[in-house]
Structures are given as structure tokens and as C-alpha cells.
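Novice: Model the structure of this input:
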Amino acid sequence: MAKKLTQEVSEIKTTLFNAFLKEQKFLIDFKKYKYKPKFGFGGHTECFNKEIYDVMFKPTEDIV
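Specialist: Here you go, the predicted model:
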């Protein structure tokens with residue numbers, strides 16, 4: 001049975017330029033998780049392998 005994933009979505013008001021800078025930082029910071037698909041498609045340069053899930057969604061300890 002496939003594992004169901006939950007998704008958290010948030011909105012941050014910013015400029016297009018600042019969003020671009022954040023995206024570039026993300027791509028650099030997580031470069032080792034980059035995935036290169038066999039076929040090109042829109043957004044294919046922004047793919048990551050599934051191991052990034054463990055990094056992005058690792059459990060955090062409660063702050064007391």
C-alpha cells in the first residue's frame with residue numbers, strides 16, 4: 001500500500017525577484033538531492049530525488 005503524504009502550503013508576499021533568489025538558494029542548498037529525469041518537461045530542472053523528503057520533513061522535537 002502506498003504511503004500517503006501530507007502537504008503544508010503557505011503564502012509569503014514577496015517580489016518576483018526575491019522569489020527567484022530564494023529558489024536559487026534552495027537549488028544550491030539541496031544540490032546533492034537533484035534528480036535528472038530521462039525526459040525533459042516544464043520544470044525538469046527543479047526535480048529532486050525522494051531522499052529530500054527525509055531532510056525536508058524530518059520530525060522536530062517539541063520546544064518546551
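Novice: Nearest residue to Thr14 in space, please, no chain neighbours.
Specialist: Distance criterion Cβ to Cβ, 6 or more residues apart in numbering; nearest residue to Thr14, sequence neighbours excluded, is Lys22 at 7.6 Å. Heads up, the C-betas are built off the backbone N, CA and C, glycines and all.
Novice: Which helix or strand contains the one you found?
Specialist: Using DSSP states H and E, Lys22 falls within helix 16-29.
Novice: So for that helix, mean pLDDT?
Specialist: The pLDDT scores in helix 16-29 average 91.
Novice: For the helix or strand of the chain with the lowest mean pLDDT, list the C-alpha coordinates in PDB.
Specialist: Taking mean pLDDT, DSSP states H and E as the measure, helix 52-56 is the helix or strand of the chain with the lowest mean score, a mean of 80. Extracted in PDB, the C-alpha atoms of helix 52-56 (Å, rounded to 0.1, in the frame of the first residue of the first chain):
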ATOM      1  CA  ILE A  52      15.000  15.100   0.000                       C
ATOM      2  CA  TYR A  53      11.700  14.200   1.700                       C
ATOM      3  CA  ASP A  54      13.600  12.900   4.800                       C
ATOM      4  CA  VAL A  55      15.500  16.100   5.000                       C
ATOM      5  CA  MET A  56      12.600  18.500   4.400                       C
END
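Novice: so how far is that helix from its chain's centroid?
Specialist: Here helix 52-56 is found 8 Å from its chain centre; the criterion is Cα atoms, centre = their mean, to the nearest Å.
Novice: And for stretch 22-42, what's in contact with it?
Specialist: Here stretch 22-42 makes contact (Cβ atoms under 8 Å, 6 or more residues apart in numbering) with Thr14, His44, Glu46, Cys47, Phe48, Asn49, Glu51, Ile52, Val55.
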